[in-house]
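[1] I would like the atomic coordinates for the input below:
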Amino acid sequence: MDLNPRLRPMVISVSLLASSAALAGPPPTASPAPPRYPSLPSETPEHLEPATDGFDYVKRDVMIAMRDGVKLHTVILVPKGAQRAPILLTRTPYDATALTGHAKSPHLGPILNGYDNATDVIVEGGYIRVVQDVRGKYGSEGDYVMNRPLRGPLNPTPVDHATDTYDTIDWLVKNVPETNGRVGILGISYDGFLPLMALVEPHPALKVSVPMNPMVDGWMGDDWFHNGAFRAQNLPYIWEQEANRKSEEKWWSGFFDDYDLYMQAGSAGELGKRHGLEQVGFWRKMLAHPSYDAFWRDQAVDKLLGARPLSVPVMLVHSLWDQEDIYGATAVYKALEPKDTANDKVFLVLGPWHHGQEIGDGSSLGALRFGFDTAASFRREVLGPFLAQYLKEAAPKANVAPVTAFETGTNVWRRLDSWPSGCTSGCTVRPTPLYLRGSGKLSFDAPAASEGYVEYVSDPARPVPYRARPIQAVGYGTGNTWSEWLVDDQREASGRPDVAVFTSDVLTTPVKISGQPIADLVASTSGTDSDWVVKLIDVYPDEVAGQPEMGGFQLMVAADVLRGRYRESLETPKPIAAGEPLEYRFALPNANHVFLPAHRIMVQVQSSWFPLYDRNPQTFVPNIFWAKPEDYRRATQRIHHAPGQASTVILPLVAAP
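    Next up is the predicted model:
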């Protein structure tokens, strides 16, 4: 019997659904509930409170609000039982937690034993130790700017390191009950730049400032340039310092020898580009300001402080072989000393150290031996009493000379009334030319007639290494000798054909210098740009009793570089007239040295110092950061010796009374 025609489609549809269901299998069942198990609480406490009854200090981590609301992470270490104790403050971009945690110890000495702490002075003096992260670094809020300039054209914000220091000190004296209300600030390098910033409109509770090896003028002679020549090996520092807040991004090389790394890249700009360095704000500023324009002049700390009144006593600590910031401390002294009419507010220390060695062991530096721990004697006899005088109640006046200068060569400390000065009274410092003579001679006698020139070929394809290869990257730690390069033996350089060498006769009497030697070359180049490196060297006798490895040693006493394009103007570079003898005059770093009898004096002149400084292409280009491979060309360099065109190094010679 036929079905009703109107029902046929329904029957067919039902049949199709049934068939589909049969093909799909049984309907899915619900997922089983996750297994349940008994509660097992975490064994880690939500807030850990260590038992510190056996500690000899109390540690407080605080966030201190600045005037713009930004909070800065600050570590406060108070000696147990302290009452009416002064505060020693250091501000840093290098991690306050790490700088106050060098060891896991209940004792203050071990946790402070390392950068940036003069541990014996702090602990034995009973000081409250405070270390603070600057804005934008590690535990602090805010934005980070390298050597943040003072409020003004380079910093449109209402805050800078001067205001942050003021606000920090204001909080400390009101919120640390164990303090007597007196604060001193000290630190090394970047941490030494910050005590200088504290002198700008200082807080009334700031009683003393001790900048050690401070960054002062990055273009003239500290970290970034020296007289226009770029310090290429500092590229990793710029990267690691600014890539992120905690400096966790590390530079990479791919080469064991830094010489190969920088040669393979070509220009410094190209090497930065290959690492992505242009993402970093400070590097972009450097690329845009290769010359000494307002960007650099307006943040030069010696100029800033020289234009302001001085109300806080300051001790500037300088290292005679500072491989990083050899310009700053003495430049600030020169700017501030005229303000110190009573000779009781500006003090200078010159020690025989590398950068920061004054808080470590100062018995030796590289191959040099001083006979005693010069750094410990400085801390015990100078720094400790000086801080106590201004920070401790009823402390006696420190017996500290206006200038405490170590005399290298004789290896003794000298107490001086001023710098430069050869002795406490009676002697004078007289600028005396030392002539670079023909045939490689060096003499205090001027040439009576033309002696022609000494010639060498400078080849950018084979730049002169600044130390023996393989060249280590800039750094500190086991096996790294970066801190010693200024006292490296210069014999390897003196044997190269692209280094001009001038040597005196063997000395029969001591020759003492105190101050800045001046390089005054009359030189020509076949190129249109050139670097001139001048090194003043003490050559030891062929044999040295008791230390045979020093036989014939060539010790740099003072050395520096000038980028020739800045011969006439530091702000406006100009091509050099090829083949024309021209004067190149620039100051070398300060020295306080005695060339002893049986020694000789040597001067070396060269046109590259690589890879510490980037290569000059020896062809004038607008911006050496972006020199192309075809710009790098060989050049013939001539050092001239003739009356009226005599090349000299002008020594600050000490004349006895």
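
[2] check the gap between the residue sitting nearest the centre point of the chain and residue 233 for me.
    Nearest residue to the geometric centre of the chain (CA atoms, centre = their mean): residue 324, 4.0 Å. Counting by CB to CB, to the nearest Å, the gap from residue 324 to residue 233 is 10 Å. All C-beta atoms are positioned from the backbone trio N, CA, C, and that covers glycine.

[3] do residue 340 as well
    37 Å.

[4] thought residue 224 was touching residue 300, still the case?
    No. With contact defined as CB atoms under 8 Å, residue 300 does not count as touching residue 224 (11.9 Å).

[5] SS state for the residue found closest to the residue nearest to the centre of the chain once you drop the neighbours it is linked to in the chain?
    The shortest distance from residue 324 to any non-neighbouring residue, by CB to CB, 6 or more residues apart in numbering, is to residue 355 (4.4 Å). Three-state assignment for residue 355 (DSSP: H, G, I helix; E, B strand; the rest coil): coil.

[6] where in the stretch 551-657 of the chain is pLDDT low?
    657 (pLDDT under 70).

[7] please enumerate the strands of it.
    Assigned by DSSP state E, counting those that start in this stretch, the strands in the stretch 551-657 of the chain fall at 554-563, 582-587, 591-595, 600-606, 635-640, 648-655.

[8] residue 576 is nearest to which of the ones you listed?
    strand 582-587 (6.9 Å; CB to CB).

[9] tilt between the closest one and strand 635-640?
    80 degrees (axes from the mean of the first three to the mean of the last three CA atoms, to 10 degrees).

[10] pLDDT weak spots in the stretch 301-450 of the chain?
    Applying pLDDT under 70 to the stretch 301-450 of the chain flags the ranges 422.

[11] so between residue 340 and residue 233, which is more surrounded?
    Using other CB atoms under 10 Å, the more surrounded residue of residue 340 and residue 233 is residue 233, with 23 against 17.

[12] now do the contacts for the spatially closest residue to the more buried one that is not a sequence neighbour.
    Once flanking residues are discounted, residue 233 sits nearest to residue 474: 5.0 Å by CB to CB, 6+ apart. Counting by CB atoms under 8 Å, 6 or more residues apart in numbering, residue 474 makes contact with 233, 234, 236, 237, 482.

[13] of the residues you listed, which is the nearest to residue 530?
    Nearest to residue 530 among the contacts of residue 474 is residue 233, at 20.8 Å by CB to CB.

[14] the closest one in helix, strand or coil?
    Here residue 233 is recorded as helix under three-state DSSP.

[15] isn't it up against residue 609?
    No. In this structure, residue 233 is not within contact of residue 609 by CB under 8 Å, at 10.6 Å.

[16] how close does residue 470 get to residue 99?
    31 Å.

[17] which one of the two has more residues nearby?
    Taking neighbours as other CB under 10 Å, residue 470 and residue 99 compare with residue 99 leading, 24 against 12.

[18] once you drop chain neighbours, what's closest to that one?
    residue 131 (5.1 Å).

[19] how many neighbours does that neighbour have?
    With other CB under 10 Å as criterion, residue 131 counts 27.

[20] could you list the paired strands of the helix or strand harbouring it along with their orientation?
    Using DSSP states H and E, residue 131 sits in strand 128-133. Paired strands of strand 128-133, with direction, are strand 71-79 (antiparallel), strand 85-92 (parallel) (DSSP bridges).

[21] ok, back up a step: closest one of the contacts of residue 474 to residue 333?
    The nearest one, if we look at the contacts of residue 474 relative to residue 333 and count by CB to CB, is residue 234, at 24.5 Å.

[22] hmm, that closest one is touching residue 226, no?
    No. Using CB under 8 Å, residue 234 is not in contact with residue 226; the gap is 11.3 Å.

[23] looking at these two, which is more packed in?
    Shown here are residue 234 and residue 226; by other CB under 10 Å, residue 226 has more neighbours (26 against 19).

[24] hang on, the earlier thing: what's near enough to touch the residue nearest to the centre of the chain?
    189, 213, 222, 223, 355.

[25] how many neighbours does the last one have?
    Pointing back at residue 355 there. Neighbours of residue 355 using other CB under 10 Å come to 21.

[26] hang on, the earlier thing: TSV for the strands of the stretch 551-657 of the chain, including mean neighbour count and distance to residue 251?
    Listed next are the strands of the stretch 551-657 of the chain as TSV, based on neighbours: other CB atoms under 10 Å; distance: least, CB to CB, whole Å:
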stretch	mean neighbour count	distance to residue 251
strand 554-563	24	24
strand 582-587	17	31
strand 591-595	24	33
strand 600-606	23	28
strand 635-640	21	32
strand 648-655	21	37
